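S.K.: coords please:
(one chain, ligands or ions: 1)
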Amino acid sequence: MTLAKWLVFQSLGDERGSLVALEHGKSVPFDIRRIYYIYHTEKGVSRGFHAHKELQQVAICISGRCTIVLDDGYNKEEVLMDSPTKGLLIDSLLWREMHDFSDDCILLVLASAHYQESDYIRNYEDFINEVKRG
Ligand code: TYD
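M.R.: Numbering: from 1, shown residues only. Below you'll find the model as predicted:
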């Protein structure tokens, strides 16, 4: 079973360049309640290192590249994020780490809920215990 679930967005390109439109209720499998983006990441920095109890997210690398490691407590998978037309669906209870950010990387994230620190699992052992509890 693969942990990486991809959404493929249509690129509305013409001779001027490219455009991707994401619409509420059509483009991602949840209601989008928050958008944030990670950019100007310093060299050698990795981010993430957490899971969420409920939150669902879609990550889209709209510029540059980075890698994301997904871990469901049993298997790990590393994916390359380098396409503005591909969204990585990151479900709840998936440990995620982001590495290898290029200088020009902009990682756009669509999220199913407002920011809530109580939804985070920031300790790996707590994450494994939560997975085992089912
Ligand atoms: P954090 O979740 O630690 O970043 P990452 O896991 O992507 O490395 O967030 C960094 C800081 O920003 C932290 O203080 C919480 C804050 N934050 C918000 O206020 N709102 C948000 O939507 C997000 C994602 C983070």
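S.K.: so the residue sitting nearest the centre point of the chain, which of the three states?
M.R.: Closest residue to the average C-alpha location of the chain: Ala59 at 3.2 Å, with C-alpha atoms, centre = their mean. State at Ala59, reduced to three classes by DSSP: H, G, I helix; E, B strand; the rest coil: strand.
S.K.: what about the closest residue to it other than its chain neighbours, neighbour count?
M.R.: Closest residue to Ala59 apart from its sequence neighbours, by C-beta to C-beta, 6 or more residues apart in numbering: Leu88 at 4.7 Å. The C-beta positions use only the backbone N, C-alpha and C, and glycine is treated the same way. Leu88 has 22 neighbouring residues, counting by other C-beta atoms under 10 Å.
S.K.: and if you look at Leu89?
M.R.: Neighbours around Leu89, by other C-beta under 10 Å: 18.
S.K.: ok, what's across the strand from it?
M.R.: Beta-bridge pairing for Leu89 (DSSP bridges): Lys5, Val58.
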